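Enquirer: Show me how the following folds:
(4 chains)
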4 protein chains.
Amino acid sequence: MGGSTFGKILSVTTWGESHGPAIGCVVEGVPAGIDLCEEDFVYYMDLRKPSRSTDTPRKESDTVKIMSGVFEGKTTGTPVSLMIVNENTHSQDYSNIKDVYRPGHADYTYDAKYGFRDYRGGGRSSGRETAMRVAAGVIARKILDTVGVIISSEYSPVPEIPELDSMGGTVKVVAGNVPAGLGEPVFSKLDAELSKAFMSVGAVKAVEFGLGTKVSEMLGSENNDTFINVDGKISTVNNNCGGILGGISDGDDIVIKAYIKPVPSILKEQRTVDKDGNETTLTIKGRHDKYLPPRIAPVLEAMTALTLADALLMNMTSRIENIIKVYKK
Amino acid sequence: MGGSTFGKILSVTTWGESHGPAIGCVVEGVPAGIDLCEEDFVYYMDLRKPSRSTDTPRKESDTVKIMSGVFEGKTTGTPVSLMIVNENTHSQDYSNIKDVYRPGHADYTYDAKYGFRDYRGGGRSSGRETAMRVAAGVIARKILDTVGVIISSEYSPVPEIPELDSMGGTVKVVAGNVPAGLGEPVFSKLDAELSKAFMSVGAVKAVEFGLGTKVSEMLGSENNDTFINVDGKISTVNNNCGGILGGISDGDDIVIKAYIKPVPSILKEQRTVDKDGNETTLTIKGRHDKYLPPRIAPVLEAMTALTLADALLMNMTSRIENIIKVYKK
Amino acid sequence: MGGSTFGKILSVTTWGESHGPAIGCVVEGVPAGIDLCEEDFVYYMDLRKPSRSTDTPRKESDTVKIMSGVFEGKTTGTPVSLMIVNENTHSQDYSNIKDVYRPGHADYTYDAKYGFRDYRGGGRSSGRETAMRVAAGVIARKILDTVGVIISSEYSPVPEIPELDSMGGTVKVVAGNVPAGLGEPVFSKLDAELSKAFMSVGAVKAVEFGLGTKVSEMLGSENNDTFINVDGKISTVNNNCGGILGGISDGDDIVIKAYIKPVPSILKEQRTVDKDGNETTLTIKGRHDKYLPPRIAPVLEAMTALTLADALLMNMTSRIENIIKVYKK
Amino acid sequence: MGGSTFGKILSVTTWGESHGPAIGCVVEGVPAGIDLCEEDFVYYMDLRKPSRSTDTPRKESDTVKIMSGVFEGKTTGTPVSLMIVNENTHSQDYSNIKDVYRPGHADYTYDAKYGFRDYRGGGRSSGRETAMRVAAGVIARKILDTVGVIISSEYSPVPEIPELDSMGGTVKVVAGNVPAGLGEPVFSKLDAELSKAFMSVGAVKAVEFGLGTKVSEMLGSENNDTFINVDGKISTVNNNCGGILGGISDGDDIVIKAYIKPVPSILKEQRTVDKDGNETTLTIKGRHDKYLPPRIAPVLEAMTALTLADALLMNMTSRIENIIKVYKK
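Expert: Alright, predicted model coming up:
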């Protein structure tokens, strides 16, 4: 039940700290018979790496090792364990953040919850854990491939950022060719699960579907999507709703936008408190990302893939005739 | 695993269609020893009823019956079953929507998923199911009362709405006096679970925390919350983050804003298609809400209460010393 | 997460106390399109009623009402809520068991867990809750019908029972025509889930598969099932294993045996303690079952059906080609 | 939801094949603040190793590595990832079992479920996976230590075993000093969960509590446990029920007995079929265990520990006053 597991039929459990020996995940519920090898991960892991324009100090190969669940190039139906050895964990000086709470980070709240924390590089709350989301997402994409789903994203252009500071931005993810009918009514609506998936990524502070926040100032006659028949397929004129009606996919593009906060690690001196509540100041050292959208985009794509693949599997039992389709000899 | 269950330790499973004999829910994981009687539900159920300015045709007493789990005025620890008899299900003429898809509703997507649907009054996809969320929320509030959490909300003012149309709006929910430390890292972050909770309410199209969408245009030095010491308690100057850091509550007010779409049932004639894909027009009959925020506010408060109460219970096992506190004689 | 929910994809949540207004359950994950009406429950509910030879005081019609999830005679895919009104809850004198713990019952342990209990007729711990298992089992059987699974049972013959006493016995359940491949490796082996299902029924104290306890005194060469080819189908000579190998069904009959304890409510005077720990004696009043196997057999059949139907649905995602079978146009 | 996860609040997900690069597990829900180091695993891992009298070919150090979730010698509350590198996976000749189904093993059923399997050393269905259960059990024991629970076991004496054959046996596990009140009513009764835990261990074919199978031939007056007061504590005379009443622990010793089948890998020639259904014979090579009880005993102890620790955590929310105990300042 812990917070490190996502998904119901297709589920991923991640583990690992920023400066531990490795990070990893276990992907459960992977159907047997999917082609999978270690090279499959390279493209997506590279997408998540620091880009040219937004430096980060961490230079790691992020090579994903398959530890189980694959035999002779195919998934076997048993848990797929993935692991990345942490290469960049050489001893560093954490004395300035060991007992002082960095503004905008989880230092204080982890202490409030657990009594102490692994403070090296942010420990479990580091963005490093998102590497395993991207890795697990590769498997989810392979499941979605069987029905032709395509996931893409774009992010707000890299802005001018004052020295010693950072800047927020946005990421839009689009999933095309999604079968109509995915999502479970009431609490596990597809947009509800996607919202959780997105908001679980650190730095995301708002999520919207289709017209999103704009609907709050619209008339029903403007916002309602007019159904039309396009070459024999039911569709809508504008897809204002972002591809989901009543929590269930309608076959149109699913359009999700995330609003990303500026990286909290800035090089300016900041006021804060230490763990005993004494007010103090802090100057964060090292080099850090200044603009997250390019690095978060592949993570949000992966979360979209994991959510949709799980919904795809779950929806297989929605009709009694599907049981006959699967079991008939 | 079905979509009609919400929560992990404290969980609610709802059931019922708009025009079936009744709607209800089962609340599991309710600690024993909470005072609970049927009168406790009246105040909150009344809040969700149609307001003066936003008519709806349904006039029901919405009397909550306790069917199990309470003995001599106290919860026993076993499932609390709640039920409301549907009073307003007299035969009505649904011939115009039986085979025609109402724009902005779930008619088409339910058919796409299940092959057919209970079309009477929206069936399972009707907003009527939210009555049981409010009822379950009453129990969640009683759990939160033990630590002093207070949940309130405000909604955007009722606008001028053109005839035969409807209008969108917003609802802001604030949870005060929340203990620091609630929420589980990585995928079950407190804001992730609250986003799911909010987006699972029909008509919500965007969710944000604290400054929300605004963070995408801010500098790190502007957005970072400066920690301060207020009378011996660690707090922040501005609470830009909305009370949650790294997915864990920081003890400050949790501030969530939902953007609500206009009611899709408008009285204007609309273009649409029937279930065979033929283009046609539809004029929805009857009287309907024109502005949802006042009616959704208590539902969102209830979802906040359910999410926080579950997180409160879950967090009890976060430290080994809590086990000793509970079991020591 | 509460103890009153069983199953993963097909799940049932039961509620209700022996002497509350009603008992009920919510069955989630029911595929759409199954014929279901209230008459379908009558045959199985009658099987569970007190038999001729083993009297019980409760004379109730046990009429199952469908409260949701069915429209025009078919399941809609949304939660199926079932309810039985308790008819036999007239005021009775519980003064002798209110503060005294009945030997062999859950009175003491409920108090130890929750601090108090609904003592009327055993409250939640009464065998009455099993009525809803039988009702939910009817839906599970309808799912299993699509692949031809047949569940039957037999129980040990009714013995001579001394006056004022009760007697234990056994029930054997057989599931035939089960597809090979059901069950999930490691912790959710099919026999593991069936063991849980059986042992969750009050009065069951041992569960075994195939040769069961006898294997502990056998040689490998005696116990190993020799695989053979029977008309083109792989089978075994003796089915010593009871239809499950490595936690997965092998296509042969699944054979489970439960050992049932004697009814603890006997009419003889018994020594016991009261809630303050004072030693005392107790004479239980009224008429009670003396021999449970005939009444438990339909409950164990229902638990078998619920477990197998859930495994059948879960197994649909075991191979990637099944996804294509379901989604291809 | 996959079969490789066990537990609700404290959960373990195992992964790995017998001849893959490693086996491992992720333990979620571990409270923060528990002393844990790699040396803690040695004693229990050694218990599971091949004993003197029951040879096995595998000579491995089974050194458990802690990959995450521990900082400066204490658990941090985040997932604890454990791993054992497989040392003994040198190339071997599997040509005789690649396409032939070993009697009594999961070869055929894995093929029936997934279409193919990792046949090297039994792959995922090998008993090797139980090493991670023992490792996870070490953490569960540390949680149980806080309330004083002690788990022990004994097994049936090693018999004379004819050459080239194997023999079944029994293991009895006893958990002492268990607080009264553990277990959740109806489906998650403590004995139901323990049954699942035990039967999930390969080779276990029957499970019983207390007098177990014997109750089927007893009178109620013989089997009922008489409550008595022992030095101010409520107890029973004989503990016939094995420490659990109505699915909830009563504070007395929990007594569980498992019946173990003979090792199916015997050196005698056996009749069987190949994957195309052709009848053939098979002679299994190598050295194998002949008597499992000594090696299964620590696995069943570990499963008992995992089940009880999870029940201990779950029970913390059973009463509203416990919330106050944990959160009061």
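
Enquirer: number of nearby residues for the residue of the stretch 51-200 of chain A at minimum distance from chain B?
Expert: Ranking the residues of the stretch 51-200 of chain A by distance to chain B (Cβ to the nearest Cβ) places residue A:106 first, at 2.3 Å. Quick note: C-beta positions are derived from backbone N, CA and C, even for glycine. By other Cβ atoms under 10 Å in any protein chain shown, 28 other residues sit near residue A:106.

Enquirer: who in the stretch 151-300 of chain A is up against chain C?
Expert: A:179, A:185 (Cβ under 8 Å from any Cβ of the partner chain).

Enquirer: for the stretch 151-300 of chain A, what spans make up the strands?
Expert: With strands called from DSSP state E, counting those that start in this stretch, the stretch 151-300 of chain A shows them at A:169-176, A:204-209, A:227-230, A:233-236, A:244-245, A:248-249, A:254-260, A:270-273, A:279-282.

Enquirer: Please identify the most buried of the ones you listed.
Expert: Stretch with highest mean neighbour count among the strands of the stretch 151-300 of chain A: strand A:244-245 (a mean of 30; mean count of other Cβ atoms under 10 Å in any protein chain shown).

Enquirer: who does that one touch, helix- and strand-wise?
Expert: Counting contacts by 3 or more Cβ pairs under 8 Å, 6 or more residues apart in numbering or on different chains; DSSP states H and E, strand A:244-245 packs against helix B:107-114.

Enquirer: Other residues contacting the helix it packs on?
Expert: A:180-183, A:185, A:227, A:234, A:244-251, A:315, A:318-319, B:97, B:100-101, B:117, B:119, B:123-125, B:275, C:32-33, C:76-77 (Cβ atoms under 8 Å, 6 or more residues apart in numbering or on different chains).

Enquirer: Any residue of whatever helix or strand comes next after it touching chain A?
Expert: Under the assignment DSSP states H and E, the closest C-terminal helix or strand after helix B:107-114 is helix B:130-145. No. Residues of helix B:130-145 contacting chain A under Cβ under 8 Å from any Cβ: none, with a closest distance of 8.9 Å.

Enquirer: Return the backbone torsion pair for the residue nearest to residue A:129 when sequence neighbours are not counted.
Expert: Of all residues not flanking residue A:129 in the chain, residue A:14 sits nearest, at 5.7 Å (Cβ to Cβ, 6 or more residues apart in numbering or on different chains). Here is the backbone geometry of residue A:14 (degrees, to the nearest 10): phi -100, psi 160.

Enquirer: in the sheet, who's paired with residue A:14?
Expert: Judged by DSSP bridges, the bridge partners of residue A:14 are residue A:25.

Enquirer: contacting residues around it?
Expert: Counted by Cβ under 8 Å, 6+ apart, residue A:14 has contacts A:4, A:23-25, A:129, A:132-133, A:136, B:186-187, D:79.

Enquirer: Is it possible to mark the buried ones in these?
Expert: Those of these that meet the buried threshold are A:4, A:23-25, A:129, A:132-133, A:136, B:186-187, D:79, by 16 or more other Cβ atoms under 10 Å in any protein chain shown.

Enquirer: re the thing from before, any of the contacts of helix B:107-114 buried? List them.
Expert: By neighbour count, with 16+ other Cβ under 10 Å, those hold A:180-183, A:185, A:227, A:234, A:244-251, A:315, A:318-319, B:97, B:100-101, B:117, B:119, B:123-125, C:32-33, C:76-77 as buried.

Enquirer: Stretch A:5-17: which residues count as buried?
Expert: In terms of neighbour count (16+ other Cβ under 10 Å), stretch A:5-17 has its buried residues at A:5-17.

Enquirer: swap that for stretch A:68-80, sorry
Expert: Neighbour-count burial for stretch A:68-80 [16+ other Cβ under 10 Å]: A:68-71, A:74-80.

Enquirer: From these, list the ones also adjacent to chain B.
Expert: Counting by Cβ under 8 Å from any Cβ, nothing from those sits close to chain B.

Enquirer: For the residues you listed, give me a markdown table that also has distance to chain C, secondary structure and pLDDT.
Expert: Formatted as a markdown table, the buried residues of stretch A:68-80 follow (distance: Cβ to the nearest Cβ, whole Å; DSSP: H, G, I helix; E, B strand; the rest coil; pLDDT from 0 to 100):
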| residue | distance to chain C | secondary structure | pLDDT |
| --- | --- | --- | --- |
| A:68 | 12 | coil | 98 |
| A:69 | 11 | coil | 98 |
| A:70 | 13 | strand | 98 |
| A:71 | 14 | strand | 97 |
| A:74 | 9 | strand | 98 |
| A:75 | 8 | strand | 98 |
| A:76 | 10 | coil | 98 |
| A:77 | 6 | coil | 98 |
| A:78 | 6 | coil | 97 |
| A:79 | 9 | coil | 98 |
| A:80 | 13 | strand | 98 |
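
Enquirer: just those residues now: which is nearest residue A:45?
Expert: residue A:80 (15.6 Å; Cβ to Cβ).

Enquirer: Surely the closest one and residue A:65 touch.
Expert: No. Using Cβ atoms under 8 Å, residue A:80 is not in contact with residue A:65, being 11.2 Å away.

Enquirer: quick one on the thing from earlier: would you confirm that the residue of the stretch 51-200 of chain A closest to chain B contacts residue A:127?
Expert: No. The pair residue A:106 / residue A:127 is not scored as a contact, 10.9 Å apart, by Cβ under 8 Å.

Enquirer: just checking, residue A:267 touches residue A:162?
Expert: No. Judged on Cβ under 8 Å, residue A:267 makes no contact with residue A:162 at a distance of 10.8 Å.

Enquirer: what about the two, which has more around it?
Expert: residue A:267 (18 against 13).

Enquirer: Name the nearest residue to that one, sequence neighbours excluded.
Expert: Going by Cβ to Cβ, 6+ apart, residue A:267 has residue A:164 as its nearest residue, at 4.3 Å.

Enquirer: Over to residue A:314?
Expert: residue A:9 (5.6 Å).

Enquirer: burial measure for residue A:283, as a count.
Expert: Count around residue A:283 with other Cβ under 10 Å applied: 11.

Enquirer: distance of it from residue B:109?
Expert: Residue A:283 sits 53 Å away from residue B:109, taking Cβ to Cβ, to the nearest Å as the criterion.

Enquirer: Please apply the same query to residue A:259.
Expert: For residue A:259, the distance to residue B:109 (Cβ to Cβ) stands at 27 Å.

Enquirer: quick one on the thing from earlier: which ones among the buried residues of stretch A:5-17 map onto strands?
Expert: A:5-6, A:11-16 (DSSP state E).

Enquirer: For those residues, give me a markdown table that also has pLDDT.
Expert: Shown next, in a markdown table, are those (pLDDT from 0 to 100):
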| residue | pLDDT |
| --- | --- |
| A:5 | 98 |
| A:6 | 98 |
| A:11 | 97 |
| A:12 | 98 |
| A:13 | 98 |
| A:14 | 98 |
| A:15 | 98 |
| A:16 | 98 |
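
Enquirer: Pull the most distant pair out of those residues.
Expert: A:11 and A:16 (17.0 Å).

Enquirer: that older thread, which member of the buried residues of stretch A:68-80 is positioned nearest residue B:145?
Expert: residue A:79 (41.9 Å).

Enquirer: Tell me which residues touch the residue nearest to the closest one when sequence neighbours are not counted, please.
Expert: Leaving aside its chain neighbours, residue A:79 sits nearest to residue D:15 (4.0 Å; criterion: Cβ to Cβ, 6+ apart). Residues near residue D:15 by Cβ under 8 Å, 6+ apart: A:26, A:67-69, A:78-81, D:4, D:23-25.
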